[in-house]
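K.L.:
give me coordinates for this.
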Amino acid sequence: MENKLPITINKLQHVGIPVTDVAVSTRFYSRFGFKSVMQSPFTHEGETGTCIMMQLNDIIIELYQIPAKQLQEIKTRKNGHIDHIAFDVDDIDVVFETLKADGSIKILEDKPVFLPFWKKGCKYFNIQGPDQEILEFNQIM
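P.N.:
From the prediction side, this is the model:
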């Protein structure tokens, strides 16, 4: 077994699901008791998309609809639609620098990215796992 990295993961923060119609998906998950707790636009390849966080107790699902120009990407996926899992961390900058210093982990961003989600925003970065899975580290500010 490899050495354990000196970081702390608090919990699974959310599961990200790309959707073709965020309104339809929001209604679908609402039927199971999920409620929209946050909605925000984001930029993807120069176009604006929509992100909605749906919560039921401690479970959070991120539904995001990328702009119409890129929707075909979602419609033609063959390997399922869960895009990433996100881990909640206390200090995103410390986790980023720790994983960067390790050198054996493929980090997909140059630095943690700020998004105007939640009340004060959040910062995140992604890494790639051994089977190309995406793992996100996220700090709600």
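
K.L.:
now the element after the longest helix belonging to the chain, going C-ward?
P.N.:
For the chain, the helix reaching the highest residue count under DSSP state H is reported as helix 92-102. Past helix 92-102, further along toward the C-terminus, the next helix or strand under DSSP states H and E is strand 106-107.

K.L.:
which elements pack onto that next one?
P.N.:
Secondary structure elements in contact with strand 106-107, counted by 3 or more CB pairs under 8 Å, 6 or more residues apart in numbering; DSSP states H and E, are helix 92-102, strand 122-128. Glycine gets a C-beta too; all of them are placed from N, C-alpha and C.

K.L.:
now do the longest one and strand 122-128, the angle between them.
P.N.:
This points to helix 92-102. Angle of helix 92-102 versus strand 122-128, following axes from the mean of the first three to the mean of the last three CA atoms, to 10 degrees, is 20 degrees.

K.L.:
so what touches helix 92-102?
P.N.:
Contacts of helix 92-102 with the rest of the structure, by CB atoms under 8 Å, 6 or more residues apart in numbering, involve 5-7, 89, 105, 107, 111-112, 123-125, 127, 137-139.
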